[in-house]
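Enquirer: sequence below, structure please.
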Amino acid sequence: HIFERLCFADTFENFLSHKFNTTKRFGLDGGESIVTALKDGIDRASELGAHSFIIGMPHRGRLNVLANVMRKPMQLIFSEFQ
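Expert: Numbering: from 1, shown residues only. All right, here's what the predicted structure looks like:
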């Protein structure tokens, strides 16, 4: 699953950079491991009984975390650009 997450994160970043190349955004730029680390931490905490999570983070990689970790629908993410 780690490799799948890393591939998705990289593919998503490439898509965003080509689709929204004139929009200021902050990509992962080397922080791909945060996606797998957050997902693993959330999965393990859920197994131990956690029901909600609050994640505070800078702009860098936020879209990728929303799409890949929090599973926010991409339609909602893209509608925020328009």
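Enquirer: tell me, what residue is most central in this structure?
Expert: Val65 (1.8 Å; C-alpha atoms, centre = their mean).
Enquirer: for Val69, what are phi and psi?
Expert: Main-chain torsions, Val69, degrees, to the nearest 10: phi -100, psi -50.
Enquirer: isn't it right up against Ala37?
Expert: No. Taking contacts as C-beta atoms under 8 Å, Val69 lies outside contact range of Ala37: 9.4 Å. Every C-beta, even on glycine, is put in place using the N, C-alpha and C of the backbone.
Enquirer: what are the buried residues along stretch 15-31?
Expert: 16, 27-28, 31 (16 or more other C-beta atoms under 10 Å).
Enquirer: taking these together, which two end up most distant?
Expert: Spatial extent of the buried residues of stretch 15-31 (C-beta to C-beta) is set by the pair Leu16 and Gly31 at 14.2 Å.
Enquirer: sorry, back to before: the residue nearest to the centre of the chain touches Phe53, doesn't it?
Expert: No. Val65 is beyond contact range of Phe53, at 11.4 Å (criterion: C-beta under 8 Å).
Enquirer: how close does Ser17 sit to Met57?
Expert: 20 Å (C-beta to C-beta, to the nearest Å).
Enquirer: what helices and strands are in contact with the helix or strand hosting Cys7?
Expert: Per DSSP states H and E, Cys7 falls inside helix 2-19. Counting contacts by 3 or more C-beta pairs under 8 Å, 6 or more residues apart in numbering; DSSP states H and E, helix 2-19 is packed against helix 33-47, helix 62-68.
Enquirer: can you do 10 Å?
Expert: Packed against helix 2-19 by the contact rule (3 or more C-beta pairs under 10 Å, 6 or more residues apart in numbering; DSSP states H and E) you find helix 33-47, helix 62-68, helix 74-79.
Enquirer: what's in contact with stretch 28-45?
Expert: 1-10, 12-13, 16, 50-53, 55, 57-58, 60-65, 67-71 (C-beta atoms under 10 Å, 6 or more residues apart in numbering).
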